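Peer 1: give the three-dimensional model of this entry:
(2 chains)
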Amino acid sequence: MFPFLAFAQPNCNAYLYKGDTLQYKACNLIEKADQYYQFQREFQEVFDEAIKIAPNFAYAYREKSTAYLKSGDFLTWKKLIDKAVDLDYVQNLPYRAWCRYQFFKDYKGAINDIEKLDSLANYDIGYSINGDYHLNIVKGICYSVLNQKQKAIKIFETQLNLKEYSAGLYDYYQLGVTYFEIKDYKNALKSFEKQTQRNDIAENAYYKSKIYKLLKKDADYKKNKEIALKLYGENKKLYDPYTYHTNTVYYSTIVSE
Amino acid sequence: MFRFFKYLFLFPLFVFCQEKATTSLYPDFVGDIEFNKELDDQNFELCFDKHIYQYFNDSTGFQYEGEKLAVENEFSKEYKSNYIANETGLVRVNFVINCKGQTDRFRLIGMDENYNEKEFDKSITEQLLRITKSLKGWKGKKLKDNKIDYYQYLIFKIENGQLKEILP
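Peer 2: Here you go, the predicted model:
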């Protein structure tokens, strides 16, 4: 089983099967929330009602936390998600780790959560809730931002070399940027090339153009800059509806390169 | 049905505020900022008074002339990063952008490194508010061809008084 595949409504019968009639009752009650948007008062109230019935119903705390997360209310979000994690870390610790990184750029907090999860789990720790990154890649990104580049590279490479792992949407790009930042242009180019083959994005071509410029390969520099601008125009770039990815490159930055 | 509401963040919101006689712990929508005559501009007009959306409801996210880089450049130019020990954590400034790209109803919260509520030194928060209020490049948004007003926030990552990062 893949415990990270959360956010699906729980199977209420599973609680009944375990003999937990209160969580079963709370779980059935939250079907009422289906008609509401997660920011609505009524949505919050339905989950409050469920918590009154079963105070250990982790899913309710997590659901309540989402609107606060998306509106940047870190204070309320953290109280709710901590409660969810305390009650059910398998479902909620991976999610908290990702959210700390994605919404609050809490690199140390995300690393702590991922490492804790790693120590507790005897299964693959899984992916971010939006599927963009495996959590080990997230850990690598966090270490890279915290300027522990060699450690980050080791984490990226270890994950990417796992036989059972298929590279994610932006994995090689993030690895390439980390190599670039330690001026290892040869390995950076290798990574960016792999990214091109899998999922070319404007940012990736931009970094290639930067390297070729540094290496004084004018034709390759110009070609890749043009590709970057073209991809940008086609909206082929790092994307998330809520936040900016680490190592996002803006249009004006590409133009002025 | 459930799935539809789960992913509503990408779609127009058709459920608007309803009058409610009973008292509740919650506003109509999480994050709602009510007009406060002590704090807010009486001349600030909402284009659509029934509902204020969130910046991601139209799926285009953060919309500023020159992208987030222009906002970062503005702060890098205007914010005086003085070293103030232990002034570390996040500050969120939340506000409303109307369909013309004008802003008002600014509200601020802060936290320390452990997500505990924190009131930052005024020399930090006053600068953050002043510069946020001065930003003029916000783009108006539309949903299904209708102009909308929306909530946007900026989160500032502060380390010992220094501005390190701007989110989202």
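
Peer 1: please, which helix or strand holds A:Ala60?
Peer 2: A:Ala60 is part of helix A:58-70 when elements are defined by DSSP states H and E.

Peer 1: who in the stretch 51-200 of chain A is up against chain B?
Peer 2: Applying Cβ under 8 Å from any Cβ of the partner chain, we find that the stretch 51-200 of chain A lies next to chain B at A:Ala67, A:Tyr68, A:Lys70, A:Ser71, A:Gly72, A:Asp73, A:Phe74, A:Leu75, A:Lys78, A:Phe103, A:Phe104, A:Lys105. (C-beta placed from N, C-alpha, C; glycine too.)

Peer 1: who are the contact partners of the residue lying closest to B:Phe29 once chain neighbours are set aside?
Peer 2: Of all residues not flanking B:Phe29 in the chain, A:Phe39 sits nearest, at 4.4 Å (Cβ to Cβ, 6 or more residues apart in numbering or on different chains). Counting by Cβ atoms under 8 Å, 6 or more residues apart in numbering or on different chains, A:Phe39 makes contact with A:Ala67, A:Lys70, A:Ser71, B:Phe29, B:Val30, B:Gly31, B:Gln54.

Peer 1: same thing but at 10 Å, please
Peer 2: For A:Phe39, the contact set (Cβ atoms under 10 Å, 6 or more residues apart in numbering or on different chains) comprises A:66-68, A:70-71, B:8-9, B:13, B:15, B:26-32, B:53-54, B:57, B:151.

Peer 1: from A:Pro241, how far out is it?
Peer 2: 15 Å (Cβ to Cβ, to the nearest Å).

Peer 1: returning to what we had before: would you turn the residues of the stretch 51-200 of chain A next to chain B into JSON lines with neighbour count?
Peer 2: Output for those, formatted as JSON lines (neighbours: other Cβ atoms under 10 Å in any protein chain shown):
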{"residue": "A:Ala67", "neighbour count": "24"}
{"residue": "A:Tyr68", "neighbour count": "22"}
{"residue": "A:Lys70", "neighbour count": "25"}
{"residue": "A:Ser71", "neighbour count": "23"}
{"residue": "A:Gly72", "neighbour count": "26"}
{"residue": "A:Asp73", "neighbour count": "20"}
{"residue": "A:Phe74", "neighbour count": "24"}
{"residue": "A:Leu75", "neighbour count": "16"}
{"residue": "A:Lys78", "neighbour count": "23"}
{"residue": "A:Phe103", "neighbour count": "19"}
{"residue": "A:Phe104", "neighbour count": "25"}
{"residue": "A:Lys105", "neighbour count": "22"}
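
Peer 1: turn these into a markdown table, columns for pLDDT.
Peer 2: As requested, those are exported to a markdown table (pLDDT from 0 to 100):
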| residue | pLDDT |
| --- | --- |
| A:Ala67 | 98 |
| A:Tyr68 | 98 |
| A:Lys70 | 98 |
| A:Ser71 | 98 |
| A:Gly72 | 98 |
| A:Asp73 | 98 |
| A:Phe74 | 98 |
| A:Leu75 | 98 |
| A:Lys78 | 98 |
| A:Phe103 | 98 |
| A:Phe104 | 98 |
| A:Lys105 | 98 |
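
Peer 1: for chain B, give me the ranges with low pLDDT.
Peer 2: Residues of chain B meeting the criterion pLDDT under 70: B:1-22.

Peer 1: all helices in it, in order from the N-terminus.
Peer 2: Remark: helices assigned in chain B by DSSP state H are B:2-6, B:67-78, B:122-134.

Peer 1: shaky segments in the stretch 1-150 of chain A?
Peer 2: A:1-7.

Peer 1: show me where it has helices.
Peer 2: Using DSSP state H, counting those that start in this stretch, the helices found in the stretch 1-150 of chain A span residues A:12-17, A:21-29, A:41-53, A:58-70, A:74-87, A:89-104, A:107-120, A:135-145, A:149-160.

Peer 1: of all the residues in the fifth one, which ones are buried?
Peer 2: This points to helix A:74-87. Buried residues in helix A:74-87, defined by neighbour count with 16 or more other Cβ atoms under 10 Å in any protein chain shown: A:Phe74, A:Leu75, A:Thr76, A:Trp77, A:Lys78, A:Leu80, A:Ile81, A:Lys83, A:Ala84, A:Val85, A:Leu87.

Peer 1: where along chain B do the strands fall?
Peer 2: Here chain B has its strands, by DSSP state E, at B:53-54, B:89-97, B:103-111, B:141-143, B:146-148, B:150-159, B:162-167.

Peer 1: is the shortest one positioned near chain A?
Peer 2: Yes - contact between strand B:53-54 and chain A, assessed by Cβ under 10 Å from any Cβ of the partner chain, occurs at B:Tyr53, B:Gln54.

Peer 1: partner strands of that strand, parallel or antiparallel?
Peer 2: strand B:150-159 (parallel) (DSSP bridges).

Peer 1: send me the strand it pairs with as PDB with only the CA atoms.
Peer 2: This file holds the C-alpha atoms of strand B:150-159, laid out as PDB (Å, rounded to 0.1, in the frame of the first residue of the first chain):
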ATOM      1  CA  TYR B 150      -9.600  38.600  -4.700                       C
ATOM      2  CA  TYR B 151      -7.400  38.000  -1.700                       C
ATOM      3  CA  GLN B 152      -3.700  37.900  -2.100                       C
ATOM      4  CA  TYR B 153      -1.000  37.400   0.600                       C
ATOM      5  CA  LEU B 154       2.700  38.000   0.700                       C
ATOM      6  CA  ILE B 155       4.700  36.100   3.300                       C
ATOM      7  CA  PHE B 156       8.000  37.500   4.300                       C
ATOM      8  CA  LYS B 157      10.700  35.200   5.700                       C
ATOM      9  CA  ILE B 158      12.700  37.200   8.200                       C
ATOM     10  CA  GLU B 159      16.000  36.100   9.900                       C
END
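
Peer 1: between helix A:74-87 and that strand, find me the angle.
Peer 2: 80 degrees (axes from the mean of the first three to the mean of the last three Cα atoms, to 10 degrees).

Peer 1: I'd like the distance from strand B:150-159 to the chain centre, please.
Peer 2: Relative to its chain's centre, strand B:150-159 lies at 7 Å (Cα atoms, centre = their mean, to the nearest Å).

Peer 1: now stretch A:60-68
Peer 2: Taking Cα atoms, centre = their mean, one finds stretch A:60-68 lying 17 Å from the centre of the chain it belongs to.

Peer 1: now stretch B:95-113
Peer 2: The answer for stretch B:95-113 is 3 Å, by Cα atoms, centre = their mean.

Peer 1: what comes up buried for that stretch?
Peer 2: Result for stretch B:95-113 [16+ other Cβ under 10 Å]: buried residues B:95-99, B:101-111.
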